[in-house]
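Engineer: next comes the sequence, and after it the predicted model I'd like to discuss.
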Amino acid sequence: MTLPTGTVTFLFTDIEGSTNLARALGSRWPQVLAEHNNLLREAIRTHHGIEVSTEGDSFFAVFTSAVDAVACTASAQRSLAQHSWPEGSPVRVRMGLHTGEGRLDGKEYVGLDVHLAARIAAAGHGGQVLLSHSTRPLVELDLPDGVRLRDLGDHRLKDFDEPKHMHQLVIEGLPEYFPPLKTLNVPTNLPVPLTSLWGANGSLARSQSSWIPPAWSR
């Protein structure tokens, strides 16, 4: 597998409340997770994406086309919504897209664009697709049928000092409204709280390492 470089669109996904879902399903959880994985992989493959890695119920994929990435997420959310899950245990997946620089260090993507894509996904809710302001102009004139964009405004994300403008895919037939994004919720005209930017040693947290592990709540 050759990972693309240059301008790419990153996709991060994970199942909302997967720990509680696994506990509730017990011995049925491995099969449910396998069905989720198959649906995600089919959507990624069909829309010309590359699966970079998985960990638990989290997926990291990359696309050379932002239009394909958006089509993938819309298709995946529809498939997940239409799938027959165990009664009372729907699988709701949050997804985040960001277009930026695909820079490799060996066989891993590195750089802030990867981190930003992960943080965008972490801000959402199950069934929601968020995308960055850099992805929007690449897709707004070529959206899949039954899909439109909603402007969600500026939000502060963990480890980023500047607010990030975010958008949501609105997919016909699927939930349109979600709770407020899980962001720092700091008004953009106020100073950034030091605790959101400074590490325990007092240095500014500007990680340049490879992609963030999917334990995004840490």
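Structural biologist: Looks like it arrived, so ask away.

Engineer: sheet partners, orientation included, of the longest strand anywhere in the chain?
Structural biologist: In the chain, assigned by DSSP state E, the strand with the most residues is strand 93-105. Within its sheet, and counting by DSSP bridges, strand 93-105 is paired with strand 6-15 (antiparallel), strand 108-110 (antiparallel), strand 129-132 (parallel).

Engineer: counting contacts, what elements does the helix or strand that comes right after the first one pack onto?
Structural biologist: Put plainly, it is strand 6-15. For strand 6-15, the following helix or strand on the C-terminal side (DSSP states H and E) is helix 18-25. Under the contact criterion of 3 or more CB pairs under 8 Å, 6 or more residues apart in numbering; DSSP states H and E, helix 18-25 touches helix 29-46. C-betas here are computed from N, CA, C, even on glycine.

Engineer: tell me what angle the very next helix or strand once past the helix it packs on forms with helix 29-46.
Structural biologist: Toward the C-terminus, helix 29-46 is succeeded by strand 50-55 as the next helix or strand (DSSP H and E). Inter-element angle recorded for strand 50-55 and helix 29-46: 160 degrees (by axes from the mean of the first three to the mean of the last three CA atoms, to 10 degrees).

Engineer: in JSON lines, list the strands paired with strand 93-105 along with mean pLDDT and distance to residue 93.
Structural biologist: JSON lines is the format used below for those (pLDDT from 0 to 100; distance: least, CB to CB, whole Å):
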{"stretch": "strand 6-15", "mean pLDDT": "98", "distance to residue 93": "5"}
{"stretch": "strand 108-110", "mean pLDDT": "96", "distance to residue 93": "21"}
{"stretch": "strand 129-132", "mean pLDDT": "98", "distance to residue 93": "9"}
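
Engineer: pick the most deeply packed of those strands.
Structural biologist: strand 129-132 (a mean of 27; mean count of other CB atoms under 10 Å).
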